[in-house]
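Chemist: starting from these lines, generate the structure:
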Amino acid sequence: MKAYSKYSILFTFLFLLLIFCCCSKNDDSIDTSTISVEIGVAKVNLAINESQKLDAKVYNSGLQAFGPKIDWSSSNSSVATVDQAGFVTGKAAGSAIIYAKYKGKSASCSVSVSQLAMVDLGLSVKWADRNVGADKPESIGAFYAWGETSVKSVFNWDNYKWCTGGDYRSLTKYNRYPEWGQIDNKTVLEPADDIASVIYGNKWRMPTGDEFKELLEKCDWTWATLNGSRGAYRVTSKINGNSIFLPVTGLKEEEFYFDLDQGYYWTSSLLAKKADDAPCYANVLHFSSEEKWVGYTFREVGMPIRPVSK
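Modeler: Predicted structure coming up:
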């Protein structure tokens, strides 16, 4: 009885192995009319130097096939490349189509690469090479009030999105105290109110005050100019030597520009280090040619944004 059981197990194993080998060797004889290929997403947005893995599946008569060798290709490798593991990398601003092919059947995914380039400084986040709305690294880009996602020409409490009646003590969002308006206890911008996330997708966002402090502490800041800009810091990582360029920006109140020889950049966080910090203020990176620090100012002021990504 024991011998019979042993032979039965051996026979079953050899039979299954034979089926597996035959299926593998006769791959070319598969009826391709029953095959389909699918990619998990229809569209991908990338920055320059950013990568994302695409997953493709092959189905035969509605059943998923395991281990098929998929051939990946790009319609425009100068914009986006793809390796044979499905990793897509943005190379230049533009559009491309990524194809996953198997046995003459294919699926596609459109890729849009923004002008934004992702720079790895060896820090907790990767930094964009330019400001939101900037066409090149030395450009200032667009100005936004804190927590707003629309460009406007006049900045004041009368048209600020998150208060009523032009009164900064009547806040409607991002507030912890009853004397300042409606309470929601939120101190960091949600993605829907973060212009970097709105424009470039949820992989991007505005930096926190702590991330700007990390940039100050772990990089060398050298006052410089780039392509005729009126002044900026070249921020070079002490860890890997990569760098970004932060131009002077000024800020905007009402319809007027101020401090055009200085840099102002919004963070995603309210001034909320102490229990009595007023929620009408948000943290901001502020620099001149002589000093640089993370401070705060009124939320309704217009400033540029420098995105970050994990």
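
Chemist: so what's Cys219 closest to, chain neighbours aside?
Modeler: Spatial nearest neighbour of Cys219, chain neighbours left out: Val235 (4.7 Å); criterion: C-beta to C-beta, 6 or more residues apart in numbering. Heads up, the C-betas are built off the backbone N, CA and C, glycines and all.

Chemist: that's a strand at the one you found, yeah?
Modeler: Yes: assigned with DSSP: H, G, I helix; E, B strand; the rest coil, Val235 falls within a strand.

Chemist: that one and Phe245 touch, don't they?
Modeler: Yes: using C-beta atoms under 8 Å, Val235 makes contact with Phe245 at a distance of 7.3 Å.

Chemist: what are the ranges of the strands in the stretch 1-150 of the chain?
Modeler: In the stretch 1-150 of the chain, the segments counted as strands under DSSP state E, counting those that start in this stretch are 35-39, 43-48, 51-53, 56-60, 63-65, 71-74, 80-82, 87-90, 94-102, 105-119, 126-128.

Chemist: more neighbours: Val235 and Phe245, which one.
Modeler: Val235 (22 against 19; other C-beta atoms under 10 Å).

Chemist: OK, contacts around that one?
Modeler: Going by C-beta atoms under 8 Å, 6 or more residues apart in numbering, Val235 touches 121, 215, 219-221, 243-246.

Chemist: ChimeraX command to pick out the buried ones of those residues?
Modeler: Buried residues among those (16 or more other C-beta atoms under 10 Å), as a ChimeraX selection:
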select :121,215,219,243,244,245,246
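
Chemist: for the contacts of Val235, which one is nearest Gln262?
Modeler: Gln262 lies nearest to Leu246 out of the contacts of Val235, by C-beta to C-beta, at 11.3 Å.

Chemist: do you know how far the closest one is from Leu215?
Modeler: Distance, Leu246 to Leu215, by C-beta to C-beta, to the nearest Å: 9 Å.

Chemist: ok, Asn76 next?
Modeler: 34 Å.

Chemist: likewise Asn131?
Modeler: From Asn131 over to Leu215 (counting by C-beta to C-beta), the distance is 14 Å.

Chemist: over to Gln84?
Modeler: Distance, Gln84 to Leu215, by C-beta to C-beta: 36 Å.

Chemist: what do you get for Gly133?
Modeler: Counting by C-beta to C-beta, the gap from Gly133 to Leu215 is 21 Å.

Chemist: show me where the stretch 101-250 of the chain has helices.
Modeler: For the stretch 101-250 of the chain, the helices defined by DSSP state H, counting those that start in this stretch cover 195-200, 209-218.

Chemist: now those as TSV including mean pLDDT and distance to Trp180?
Modeler: Output for these, formatted as TSV (pLDDT from 0 to 100; distance: least, C-beta to C-beta, whole Å):
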stretch	mean pLDDT	distance to Trp180
helix 195-200	94	23
helix 209-218	97	20
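
Chemist: buried deepest among these, which one?
Modeler: helix 195-200 (a mean of 21; mean count of other C-beta atoms under 10 Å).

Chemist: pull the residues that contact it.
Modeler: Residues outside helix 195-200 that contact it (C-beta under 8 Å, 6+ apart): 45, 47, 114, 116, 128, 132, 144, 148-149, 191-192, 204-206, 305, 307-308.

Chemist: and the buried ones among those, selectable in PyMOL?
Modeler: To isolate the buried members of those in PyMOL, using 16+ other C-beta under 10 Å:
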select buried, resi 45+47+114+116+128+132+144+148+204+205+206+305+307+308
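
Chemist: give the contact list for the closest residue to Ala47 other than its chain neighbours.
Modeler: Of all residues not flanking Ala47 in the chain, Leu116 sits nearest, at 4.2 Å (C-beta to C-beta, 6+ apart). Contacts for Leu116 (C-beta under 8 Å, 6+ apart) come out as 47-48, 128-130, 200, 204, 307.

Chemist: burial of Trp162, as a residue count?
Modeler: Residues within reach of Trp162, counting by other C-beta under 10 Å, total 22.

Chemist: hang on, I meant Gly67
Modeler: Other residues near Gly67 come to 6 when the count uses other C-beta under 10 Å.

Chemist: for Arg176, see how far away it is.
Modeler: 54 Å.

Chemist: run through this protein and note the low-pLDDT ranges.
Modeler: Along the chain, the parts satisfying pLDDT under 70 run over 1-31, 275.

Chemist: what about 50?
Modeler: 1-4, 16-27 (pLDDT under 50).

Chemist: re earlier: closest to Tyr264 out of the strands of the stretch 1-150 of the chain?
Modeler: Here strand 126-128 is closest among the strands of the stretch 1-150 of the chain (C-beta to C-beta), at 16.7 Å.

Chemist: just to revisit the earlier point, beta partners for the residue nearest to Cys219?
Modeler: Trp221, Ile244 (DSSP bridges).

Chemist: what does Thr89 give?
Modeler: Beta-bridge partners of Thr89, counted by DSSP bridges, are Ser51, Thr81.
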